[in-house]
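Peer 1: below are the sequence and a predicted model; questions follow.
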Amino acid sequence: DAGVIQSPRHEVTEMGQEVTLRCKPISGHDYLFWYRQTMMRGLELLIYFNNNVPIDDSGMPEDRFSAKMPNASFSTLKIQPSEPRDSAVYFCASSLWGHHQETQYFGPGTRLLVL
Amino acid sequence: ELKVEQNPLFLSMQEGKNYTIYCNYSTTSDRLYWYRQDPGKSLESLFVLLSNGAVKQEGRLMASLDTKARLSTLHITAAVHDLSATYFCAVVSPTGGGADGLTFGKGTHLIIQP
């Protein structure tokens, strides 16, 4: 199994630009999570999906952030417009209910720098 | 609001020594996880603890859970340099069914020196 795949691995953009982060979960997993990691705030849950349906988006910081999961093998996290304070590592994780105690498997992350 | 506190946040120790990392959480939880993160890398799952008194061991690491005290420990035995990393505990809010997002502690940055 290839594990959770994220792209791009690194992104540098200028303030005001649109940023799209992509995630492919482990095949067969029914939950997908987006997290953000910063030095100041640590690891934070942004949003998660079950069977492609958003369940809890209370962690999405602002309306500038949006996430979609059009099918079981693909999700996007979009920031529009981006701001320097959005600079962070964004992780996608997936899990399968009833399997391995619902362990969440993390992707390699996308390092985002907004100038 | 579920809160997770780890201590210590930074730990420098010598090879061969034993030490314990503590994780306290504020409300009842279904599951507690321990993850490892190497610098610039992703998070690797170490343990999942489900019930009071649960103990799991893998190599030099042993994790335990006391749900009544809302406390988990990660014990390191005879530390070796390869265990240098940041260790996170994470907790899931109790749900009526289905998975949920994780609430993470701030992490314990562990450095093991020869």
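Peer 2: Here it is on my side, so go on. Numbering: from 1, shown residues only, chains lettered A, B, ... in the order given.

Peer 1: and stretch A:71-88, what's buried?
Peer 2: Neighbour-count burial for stretch A:71-88 flags A:72-73, A:75, A:77, A:79, A:82, A:86-88 (criterion: 16 or more other CB atoms under 10 Å in any protein chain shown). For the C-beta atoms, the positions are set from N, CA and C on the backbone; glycine is no exception.

Peer 1: residue contacts, the residue in chain B that chain A sits nearest to?
Peer 2: Here chain B gets closest to chain A at one residue, residue B:101, 3.6 Å apart by CB to the nearest CB. By CB atoms under 8 Å, 6 or more residues apart in numbering or on different chains, the residues touching residue B:101 are A:33, A:35, A:45, A:48, A:56, A:59, B:92.

Peer 1: quick one: pLDDT of the nearest residue to it once chain neighbours are set aside?
Peer 2: Excluding its sequence neighbours, the residue lying closest to residue B:101 (CB to CB, 6 or more residues apart in numbering or on different chains) is residue A:45, at 3.6 Å. The score at residue A:45 is 94. That number is its pLDDT.

Peer 1: which residues pair with residue A:45 across the strands?
Peer 2: Here residue A:45 shows beta-bridge partners residue A:35, assigned using DSSP bridges.

Peer 1: now it: how far from residue B:58?
Peer 2: Distance, residue A:45 to residue B:58, using CB to CB, to the nearest Å: 26 Å.

Peer 1: who has more neighbours, those two?
Peer 2: residue A:45 (21 against 10; other CB atoms under 10 Å in any protein chain shown).

Peer 1: which ones are touching that one?
Peer 2: A:33-35, A:56, A:59, B:101-103.

Peer 1: for residue B:112, state which of these is nearest.
Peer 2: Using CB to CB, residue B:102 comes nearest to residue B:112 of these, at 25.9 Å.

Peer 1: is the closest one bridged to anything, and to what?
Peer 2: residue B:92.

Peer 1: repeat for residue B:19
Peer 2: When bridges are called by DSSP bridges, residue B:19 pairs up with residue B:76.

Peer 1: how about the contacts made by it?
Peer 2: Applying CB under 8 Å, 6+ apart, the residues contacting residue B:19 are B:11, B:13, B:75-76, B:79.
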